[in-house]
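Engineer: sequence first, then the predicted structure, then my questions.
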Amino acid sequence: MIVDNQHKHIRGYRDLSVEEIALMNEAKALAERVGDLVEKIAGTPGVDGRWVSIGKTDLQKGFMSLIRGIAQPTTF
């Protein structure tokens, strides 16, 4: 069963403006493109996988922070 307006049923989520939704979608699309680049780099022979892994984690944290900044959840 799919619930309509799911965010209204999850504690800490709020309604977003049209502009916020557009920003969130833009950030998520860019994150996907960056993720593809990270995977391409990771699959390249001779690169330092440890640093690629660290970079991947830091980039994920950065995008999560941007998304959280847009969404402004009310819970921890």
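Structural biologist: Nice, thanks for sending it over.
Engineer: going by C-alpha atoms from here, please, whenever you check contacts or count neighbours.
Structural biologist: Noted.
Engineer: and the residue of the chain most remote from its centre, what helix or strand is that in?
Structural biologist: If you look at how far each residue of the chain sits from its centre, by C-alpha atoms, centre = their mean, the farthest one is Gly46, at 28.1 Å. With the criterion set as DSSP states H and E, no secondary-structure element contains Gly46; it sits in neither a helix nor a strand.
Engineer: kindly report the same for Val34.
Structural biologist: Using DSSP H and E, Val34 falls within helix 18-42.
Engineer: can you list contacts of that helix?
Structural biologist: Helix 18-42 is contacted from outside by 47, 49, 52, 56, 60, 63, 66-67, 70-71, using C-alpha atoms under 8 Å, 6 or more residues apart in numbering.
Engineer: so which bits of it are buried?
Structural biologist: Neighbour counts using 16 or more other C-alpha atoms under 10 Å place 23-24, 27-28, 31, 34, 38, 42 of helix 18-42 among the buried residues.
Engineer: pull the most distant pair out of these.
Structural biologist: Spanning the widest gap among the buried residues of helix 18-42 are Leu23 and Ala42, at 28.1 Å by C-alpha to C-alpha.
Engineer: point out where this protein drops to low pLDDT.
Structural biologist: Judged by pLDDT under 70, the chain has its weakly predicted residues at 2-3, 7.
Engineer: and stretch 46-63, which residues are buried?
Structural biologist: Neighbour-count burial for stretch 46-63, counted by 16+ other C-alpha under 10 Å, picks out 56, 59, 63.
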